[in-house]
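Colleague: would you be able to build a 3D model of this:
(chains A, B and C)
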Amino acid sequence: MGERVALFVTCIVDQLFPKVGMAMASVLEHLGYQVDFPENQTCCGQPAFNSGYRQEARTVARHFLDTFANAERIVVPSGSCTSMIVHHFAELFHKEPETLERVHAMEKRVWEFSTFLTEVAKVEDVGARLDEVVTFHDGCHSLREMGVREGPRRLLSKVRGLELREMQPAEECCGFGGTFAVKFAELSGAMARTKIDAILATGAGTVVSVDPSCLMQIQGALSRAGKSVRTMHLAEVLASR
Amino acid sequence: MTRDHILHRIRTALGRSAGQAVADPPPVRIRIAEVDREARVRSFTTRLEALAGKVYYVTTDAEARDLVASAIEGKTAVASNAPYLRECGITGIAGVETGITGRDELRERCAAAGVGITSADYALADTGSLVMLSTPREARLVSLLPPAHIAVVPVERLLTGLDELMSILPHPGDATSSMVLITGPSRTADIEQILVRGVHGPGQITVVLVG
Amino acid sequence: MSVEFDQKIHDTLADPKLQLAIYTSTARLKQNRINTVAAEVLPDYQELRSQANAIKKHSIENLDHYLEEFERNVTARGGKVVYCKDGTEVSDFVLTLAKERGARLIVKSKSMTTEEVDLNERLEHHGLESVETDLGEYILQLAHERPYHIVAPALHKTRYDVAEIFSQSLHVPNETVIENQTMLARRVLREKFLAADIGISGANFLVADSGAVVLIENEGNARLTTSAPKIHIAIAGIEKVIPRAQDLATFLKLLARSATGQLLSVYTSFLSGPRREGEIDGPDEFYVVLLDNGRTRLLPDKEKRQTLYCIRCGACLNTCPVYRKIGGHSFPWVYSGPIGAILTPQFMGVQHEPGLPFASSLCGACGEVCPVKIDIPKVLLDLRNEVQKAQTREKLNRWEKLAFRAFAWLMTHPRVYELAGRMAAAMAPSVDSRWISSVPPLMNLPPVRAWLSQRDLPPAPERSFREMWRQRR
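Modeller: Predicted coordinates:
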């Protein structure tokens, strides 16, 4: 293909989970894409937006728009960050018609990673192999704002050696919620513990998600509870050979 | 005056002026399924029985009468003034009080009775419901105060469901001060989510469809 | 957030009995709803939601018109409409009427609107006896508590709690069998129904083209409340009005399913005026009180007025992972759950409980189950912005404002951002790749401390992504 894709790795992947970004790049290159990393990138502004600081969120959003002005395809290893860009940037700039136009143009070019694979690259088998029993956590923004549900499962179904077990109850929030995790820490922790109960009940050794923030919450809770279940981003699973 | 004050606040908030016309509301959504009588009876029965109601389907008025007679044996019963109940001979069953037209007397008798017997204006197949309009023929309390309720209903009155009811009766308020849809016995799960029937309304409901 | 809010949340989280009660009750209601709106069971579900949303939108946007039509039709049927701006006017009306009629005993069916204005307290203060007749509400009235849930008010009470409440208030022997408790309440309340002078109800819907009040219930207490006494007063928020009786074909298909997973509630009453000529029973007098109590303050906001579409089904509570942990009494006002989180700040002002719009992970489950498609997460985000603006004005959030200003600056200066990241990583302890449960004092800022109170932190990676990327070239 040789088509170019730009990575927006997100601040959390850049600083805390760089291997997720490397895995994502590896999968995309394996599929024949030429991968760029615009160095000026930082953050989508979601933490400010979710905390009610729209002015500050706008500042960061503008920087994103500038950084990726020339990228035709932007791939993001996070459903919630993608949602911020494609759903909430427009809200931020509804009073600035010119910027709003740039936002609308941008909305068409930004893709959550698993959606990019299934809808743009149109692949489900990326040649991965991982001998693991996994369970999949549906991050709330990915699920409800981006409609990501079947895509990751189809991708996982093609990973050789992988067995997927679904959690019960499914589709319940892990309790991260951005600044919620620290503003309402005890509550967030209680929600996390309910989530890891569901995870442990599956008997899976690995939890997979398309949202690094969820994975941070879940792994943090698992680790605190002394459990050996680990977390992997979907990109890391798909990069496994 | 509060009325004018509130209406004024509303109009200001909405940017409307007094007496301003309104655009048409979204068209009413009524979808009536085509369901034959047999299927309607089956559906009604399944639905109401799932709610612990009892349903009988008989062909003649006489059968209906016999059914009711055995159901109320040994109990005191108040029957509404529905002409249909008289036609079926139900009002003639021993022990059945009927023809009450005074409010206080009706309340007293219903409060003392073990069973309330009524007809119904309609029944709804898709939910297992009875539709009862308050009229000189059907008082409200007969289907409400006694701990058991028996309704005897000509099967022609069994509609497919709520949509059909609302298309036949778009303005229930024209006909009555009270239209009630009764779907099963009175119930609550307010304590520990444990289901208990017969809280305030009847805990037992029996429908006899005739025809 | 206020200390009070924090404390109530903590107390609820720390109570295992409560946790179990809330979680299992809501789990049942949540699943029941799913069973009855599943695509195979109700293929029209999404269409019905859209229709319900459209009807509510139209009704709210033309509220004055429909209230006036409603009023005309109530009057034409021999009833009377009374507009009240707040709880004082409501109780003044009821008290005046009661005095004129020599009324002493009132029976009430469930109405969150009357909870808003503490109606019972006001009436009792003036010597009237006002008895709640819904079983859950009756129990709470005896216990002097507020409802825990919009639809299941006594969700937090066990049978043992109820036994104690009944034996103390009704002077009866301790009875723990639920069926017997229910029958006891039935006996006591029946006497009240038959002796009451006035019946007060709420209203699920006010039907403009019929001048009718629609009441939806399972027990029969609303029917008795509105049929036995000679006077019926329905008290409803102005936002309850819908244009046509036929619109019930849409709403009734959604309400009971969303609330409890029933196809229809046991009793759906359509009440239009006092009893007609020839009707044997029913009230002689019929009043509808239209209550503002702050609703008109909400109306101007085009984005947030959708809050008024609510039909009080409780589905959002049952599905909310936050409500299912903190329960109804953690909320500062009578409305709890996601709808409470957006109603309360708009009625009481955002400073009433500034933490409330933030007590959400914005998971979006509420918006997904709302039968009238209120975009609750969007309203929550709007309210967060309003809280921030109010607090910035009052200079209550200096540090947080500064932090987010710094955040915005950092995120628009990539080199500094990168440097800051490297510095933080250098400070953080990192023993192999294990997650961290404590950090050096310099790093132990409040957010870090809060995080670590519940879970571990990831270890700082050797290199950031951008460093790794650069190095692979």
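
Colleague: in chain B, what residue is nearest chain A?
Modeller: B:Gln193 (17.5 Å; Cβ to the nearest Cβ). Every residue, glycine included, has its C-beta placed from N, CA and C.

Colleague: mind listing what that residue touches?
Modeller: Going by Cβ atoms under 8 Å, 6 or more residues apart in numbering or on different chains, B:Gln193 touches C:24-25, C:28, C:152, C:155.

Colleague: show me where the stretch 101-250 of chain C has its strands.
Modeller: C:105-108, C:129-132, C:198-201, C:205-207, C:212-217, C:231-237, C:241-242 (DSSP state E, counting those that start in this stretch).

Colleague: neighbouring strands for the fourth one, and are they parallel or not?
Modeller: Looking back up the chat, that one is strand C:205-207. strand C:212-217 (antiparallel), strand C:241-242 (parallel) (DSSP bridges).

Colleague: okay if I get the ones you listed as TSV plus distance to B:Ala82, mean pLDDT and mean neighbour count?
Modeller: Listed next are the strands paired with strand C:205-207 as TSV, based on distance: least, Cβ to Cβ, whole Å; pLDDT from 0 to 100; neighbours: other Cβ atoms under 10 Å in any protein chain shown:
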stretch	distance to B:Ala82	mean pLDDT	mean neighbour count
strand C:212-217	23	98	27
strand C:241-242	31	98	26
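
Colleague: dump those strands into CSV; add distance to B:Val55 as well.
Modeller: Output for the strands paired with strand C:205-207, formatted as CSV (distance: least, Cβ to Cβ, whole Å):
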stretch, distance to B:Val55
strand C:212-217, 23
strand C:241-242, 32
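
Colleague: what's the single longest helix in chain A?
Modeller: Across chain A, the longest stretch assigned as helix under DSSP state H is helix A:185-202.

Colleague: and the next helix or strand past that one?
Modeller: Per DSSP states H and E, the first helix or strand lying C-terminal to helix A:185-202 is strand A:206-209.

Colleague: may I have that following strand as PDB, with CA atoms only?
Modeller: Extracted in PDB, the C-alpha atoms of strand A:206-209 (Å, rounded to 0.1, in the frame of the first residue of the first chain):
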ATOM      1  CA  THR A 206      -4.900 -11.400  30.300                       C
ATOM      2  CA  VAL A 207      -7.300  -8.400  29.900                       C
ATOM      3  CA  VAL A 208      -7.400  -6.700  26.500                       C
ATOM      4  CA  SER A 209      -8.800  -3.300  25.700                       C
END
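
Colleague: now the very next helix or strand once past it - C-alpha only, PDB.
Modeller: Downstream of strand A:206-209, the next assigned helix or strand under DSSP H and E is helix A:212-224. Listed next in PDB are the C-alpha coordinates belonging to helix A:212-224 (Å, rounded to 0.1, in the frame of the first residue of the first chain):
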ATOM      1  CA  PRO A 212      -5.000   2.600  27.700                       C
ATOM      2  CA  SER A 213      -6.600   4.600  30.500                       C
ATOM      3  CA  CYS A 214      -9.000   1.700  31.300                       C
ATOM      4  CA  LEU A 215      -6.000  -0.700  31.200                       C
ATOM      5  CA  MET A 216      -4.200   1.500  33.700                       C
ATOM      6  CA  GLN A 217      -7.100   1.500  36.100                       C
ATOM      7  CA  ILE A 218      -7.700  -2.200  35.700                       C
ATOM      8  CA  GLN A 219      -4.000  -3.200  36.000                       C
ATOM      9  CA  GLY A 220      -3.600  -0.800  39.000                       C
ATOM     10  CA  ALA A 221      -6.500  -2.600  40.800                       C
ATOM     11  CA  LEU A 222      -5.200  -6.100  39.800                       C
ATOM     12  CA  SER A 223      -1.800  -5.300  41.100                       C
ATOM     13  CA  ARG A 224      -3.100  -3.800  44.300                       C
END
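
Colleague: for B:Val96, see how far away the residue nearest to C:Leu142 when sequence neighbours are not counted is.
Modeller: Distances taken as Cβ to Cβ, 6 or more residues apart in numbering or on different chains put C:Ser169 closest to C:Leu142, at 4.2 Å, once the chain neighbours are dropped. To B:Val96, C:Ser169 is 39 Å away according to Cβ to Cβ, to the nearest Å.

Colleague: in terms of neighbours, single out the busier of those two.
Modeller: Taking other Cβ atoms under 10 Å in any protein chain shown, C:Ser169 and B:Val96 do not tie; B:Val96 has more neighbours (20 against 15).

Colleague: for the more buried one, what are its contacts?
Modeller: By Cβ under 8 Å, 6+ apart, the contact list for B:Val96 reads B:72, B:77-79, B:90, B:117.

Colleague: pick the one among these closest to chain C.
Modeller: Nearest to chain C among the contacts of B:Val96, with distances taken as Cβ to the nearest Cβ, is B:Val78, at 11.6 Å.

Colleague: give the residue spans of the stretch 201-350 of chain C that score low on pLDDT.
Modeller: Within the stretch 201-350 of chain C, the set of residues satisfying pLDDT under 70 is empty.

Colleague: check contacts around whichever residue of it sits closest to chain A.
Modeller: Nearest residue of the stretch 201-350 of chain C to chain A: C:Pro321, at 4.5 Å (Cβ to the nearest Cβ). Residues near C:Pro321 by Cβ under 8 Å, 6+ apart: A:172-173, A:175, A:191, A:194, C:361, C:363, C:365.
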